[in-house]
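[1] Okay, here's the prediction I keep looking at, along with the sequence it came from:
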Amino acid sequence: MLTARIAVLVSGGGTNLQALIDRQGDGTLKSGQIALVIADKAGVKAISRADAAGIPCEVIARKEDGFEEKVLAALAAHKIDMVVLAGFLGILSGDLIGKFGGPILNIHPALIPAFCGKGFYGLRVHQEALDYGVKVTGATVHYVNEIPDGGKIILQKAVDILPGDTPEILQRRVMEQAEWVLLPQAAEIVAAQIVQEKENTL
Ligand code: GAR
């Protein structure tokens, strides 16, 4: 069966990567195959998750010269069809997005257009939501374009904010109720489209 070859870019704990691996394992993510993990720094937990799942993993340091050229070379070498940013904290340039040419998805831990854009990542997003006093937050999966968190939305899910929430408690609830559900669903939607396109060209 034809599948879309997926590269997952990570910077940290990799729980969203794990959700993708698990849904591939149980057949929910069936049109896509995680063929490569790229970590932008050594030693992050996401790397051991990729290793445990037997997925090739490359560490390409974001702070080094030539980061984007190396990423593009790895994507080409592994014949990647689509990229998923799963807790990847860098911002990809329009040049990389254009040269890759395929879809790039990102998971953001808020309901875009709230609490998003440059500087909004990780716990900071949840801190800002709590400081503002909103009663509902959530997660968004969207296509990546040259504007941080600015691409077309694919899926969103709302999550309640509860009295006594800290950024850590809220982050965990948003991950459990929204991120780990939405990201594999969105990956399947986009992978299925790629498979359809491949079949049409046969
Ligand atoms: C996730 O909450 C993800 O949504 C967020 O970083 C966390 C990474 O966790 N991403 C951003 O804030 C991007 N702007 P993980 O490494 O365990 O998947």
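    Received it, and whenever you're ready, just let me know what you need. Residues are numbered from 1 along each chain as shown.
[2] contacts, neighbours, all on C-alpha from now
    Fine.
[3] ranges for the strands of the protein?
    For the chain, applying DSSP state E gives strands covering 4-10, 32-39, 57-59, 82-85, 104-108, 136-143, 153-160.
[4] What residues does this structure have near the ligand?
    Proximity of the chain to the ligand is confined to 12-17, 86-87, 89, 107-109, 120-122 under the rule C-alpha under 6 Å from any ligand atom.
[5] Smallest distance to the ligand belongs to which residue of the protein?
    Closest contact between the chain and the ligand, by C-alpha to the nearest ligand atom, is at Y121 (3.1 Å).
[6] ok, and the closest non-adjacent residue to that residue?
    In this structure, Y121 finds its nearest non-sequential neighbour in L89, 7.0 Å apart by C-alpha to C-alpha, 6 or more residues apart in numbering.
[7] could you pull out the helices for the protein?
    Here the chain has its helices, by DSSP state H, at 15-25, 45-52, 67-77, 94-100, 123-132, 167-174, 180-200.
[8] Okay, A53 and H78: tell me how far apart.
    17 Å (C-alpha to C-alpha, to the nearest Å).
[9] So for A19, what's the nearest residue that isn't a sequence neighbour?
    In space, and not counting its chain neighbours, A19 is closest to W180: 5.4 Å by C-alpha to C-alpha, 6+ apart.
[10] returning to that earlier point: as CSV, the strands of the chain with mean pLDDT would be great.
    Shown next, in CSV, are the strands of the chain (pLDDT from 0 to 100):
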stretch, mean pLDDT
strand 4-10, 98
strand 32-39, 98
strand 57-59, 98
strand 82-85, 98
strand 104-108, 98
strand 136-143, 98
strand 153-160, 98
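[11] Isn't L72 up against F100?
    Yes: counting by C-alpha atoms under 8 Å, L72 touches F100, with 6.7 Å between them.
[12] Which one's more surrounded, the two?
    F100 (19 against 16; other C-alpha atoms under 10 Å).
[13] residues near C116, how many?
    When neighbours are defined as other C-alpha under 10 Å, C116 has 18 of them.
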